[in-house]
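Q: Fold the following for me, if possible:
(chains A and B)
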2 protein chains.
Amino acid sequence: MIGKLNHVGVATPSIDEAVKLYRDVLGATVIGDKFPLEAQGVWVCFVDLPNSQIELIEPLGEASPLKGFLEKNPKGGQHHVCFEVEDILAAREELRAKGATILGTGEPRIGAHGVPVIFVHPKDMGGVLIELMQTPKEGHG
Amino acid sequence: MIGKLNHVGVATPSIDEAVKLYRDVLGATVIGDKFPLEAQGVWVCFVDLPNSQIELIEPLGEASPLKGFLEKNPKGGQHHVCFEVEDILAAREELRAKGATILGTGEPRIGAHGVPVIFVHPKDMGGVLIELMQTPKEGHG
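A: Here you go, the predicted structure:
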């Protein structure tokens, strides 16, 4: 089922500061502008690497799901891993049949790449919050 | 400085159980055998994805640096992110000059891919434990 490792989600209290780290200290050269993903309660900014991406995420709004994470990890840290799948609904059904718990309503939402995504509860995933994303079509994401 | 996202390190109390998760639930198809990396106090097993890898790591020995992590995260979880760099010593010097803290003696050790690696303290890296690995030569890693 899982294909490419699309990105690692890294939570940060400040995307601006995190961009300085990835650009000025770690020397990443392709970093997008930050943009709001209101439905998910996060600001998003992608650091492009030759084969994958780091997704920097910062809380947006009072109900941001990142708030609890940042209370436990004030400097930020690794938040989730996103794998691509060919068909998000088929992936969801297969995971449910195998006993995994899909977060929220379970209905895919449009994620930061403009394609549907779901999140799988870490309790069944070895403690890792896993995002599954339908593989973006060529030239789209 | 940083190039490819070589792998995401995922700590687990049991590589055997984690392999079942990645193979039977998440449908990964290319998974190596586990092997000991005694100098680093871990068992290692790579899950190959089309563009990157998940590195499953399990404590090896009483002094394993993973023990504290698993006490805090009994089910396991994301432990580190590994980026490739062209020259490990140049990367180390550049990071030190910019105030980052290299773990241990700072001397590169041979990592799971047979090339030198260093680890950078998460306190300066947005809460993320970062491994830097000298890019493996073609056909070597």
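
Q: Residue ranges in chain A under the pLDDT threshold?
A: A:138-141 (pLDDT under 70).

Q: Is chain B within reach of the longest strand seen in it?
A: Ranked by residue count, the top strand of chain A under DSSP state E comes out as strand A:77-85. Yes. Applying CB under 8 Å from any CB of the partner chain, one finds that strand A:77-85 is in contact with chain B at A:77-78, A:81, A:83. For the C-beta atoms, the positions are set from N, CA and C on the backbone; glycine is no exception.

Q: how close does the residue sitting furthest away from the middle of chain A sit to A:E38?
A: Distance from the C-alpha centroid of chain A, by CA atoms, centre = their mean, peaks at A:A97 (23.6 Å). When distance is defined by CB to CB, to the nearest Å, A:A97 is 32 Å away from A:E38.

Q: same check, this time on A:M1
A: 29 Å.

Q: Show me which of the two is the more surrounded one.
A: A:M1 (17 against 10; other CB atoms under 10 Å in any protein chain shown).

Q: For that one, which non-adjacent residue is spatially closest?
A: Among residues not flanking A:M1 along the chain, B:G27 sits closest, at 3.1 Å (CB to CB, 6 or more residues apart in numbering or on different chains).

Q: count of neighbours near that neighbour?
A: B:G27: 16 neighbours (other CB under 10 Å).

Q: Next up, the contacts around it.
A: Counting by CB atoms under 8 Å, 6 or more residues apart in numbering or on different chains, B:G27 touches A:1-2, A:94.

Q: Among those, which one lies nearest to chain B?
A: Among these, A:M1 lies closest to chain B (CB to the nearest CB), at 3.1 Å.

Q: List phi and psi for the nearest residue to A:D87 once chain neighbours are set aside.
A: Leaving aside its sequence neighbours, A:D87 sits nearest to A:Q134 (CB to CB, 6+ apart; 6.8 Å). The phi/psi pair for A:Q134 (degrees, to the nearest 10) reads phi -60, psi 130.

Q: List the residues that contact A:Q134.
A: A:84-88, A:108, A:115-117.

Q: try 7 Å this time
A: A:85, A:87-88, A:115-116 (CB atoms under 7 Å, 6 or more residues apart in numbering or on different chains).

Q: ok, those vs chain B, which is closest?
A: Once CB to the nearest CB is applied, the member of the contacts of A:Q134 that ends up nearest chain B is A:V85, at 8.7 Å.
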